[in-house]
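**Student:** Show me how the following folds:
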Amino acid sequence: MSWFVYIAATGTGRHYVGITNDPPKRLRKHNAGLGSSMARQQGPFILVYVSNPFQNKSEARKREIQLKGWTVEKKQKLINGEWQ
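**Tutor:** Numbers count the residues shown, from 1 in each chain. A predicted model of the protein is given here:
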């Protein structure tokens, strides 16, 4: 099973970083109020980035933690394809 790191954006411009094995399904859960509290508080998410697949959850989690430490500007560059 492949795992992915994803970034979802809110209408207020904030980013949510997470991991999943099915990004579209996870986004539907967030937007149905079954995901993070941030989704319930900030309104619906829009999927703006999905990584290449990771072979296991552990590797995806490491990348998630790395991205969560990035600045908004650096995340935006990743979303725009200007950063890896």
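**Student:** got a list of what W3 touches?
**Tutor:** 19-21, 53-57, 59-60 (C-beta atoms under 8 Å, 6 or more residues apart in numbering). For every residue, glycine as well, the C-beta is placed using N, CA and C.
**Student:** Name the residues linked to it by a beta bridge.
**Tutor:** Counting by DSSP bridges, W3 is bridged to F54.
**Student:** Now do the helices in the protein.
**Tutor:** 23-31, 37-42, 57-68, 72-79 (DSSP state H).
**Student:** Using PyMOL, define a selection of the buried residues within the contacts of W3.
**Tutor:** Applying 16 or more other C-beta atoms under 10 Å to the contacts of W3 leaves a buried subset, and the PyMOL line that selects it is:
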select buried, resi 19+20+54+60
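**Student:** Nearest residue to K77 in space, please, no chain neighbours.
**Tutor:** Nearest residue to K77, sequence neighbours excluded (C-beta to C-beta, 6 or more residues apart in numbering): W83, at 3.9 Å.
**Student:** ok, that neighbour touching T71?
**Tutor:** No: shown here, W83 and T71 do not form a contact pair, counting by C-beta atoms under 8 Å, at 11.0 Å.
**Student:** higher neighbour count, those two?
**Tutor:** The neighbour comparison of W83 against T71 (other C-beta atoms under 10 Å) goes to W83, with 12 against 8.
**Student:** Now the more buried one, what are its backbone angles?
**Tutor:** Dihedral pair for W83: phi -150, psi 150, per degrees, to the nearest 10.
**Student:** Show me the shaky parts of the protein.
**Tutor:** 35-36, 38-40 (pLDDT under 70).
**Student:** burial of G33, as a residue count?
**Tutor:** 10.
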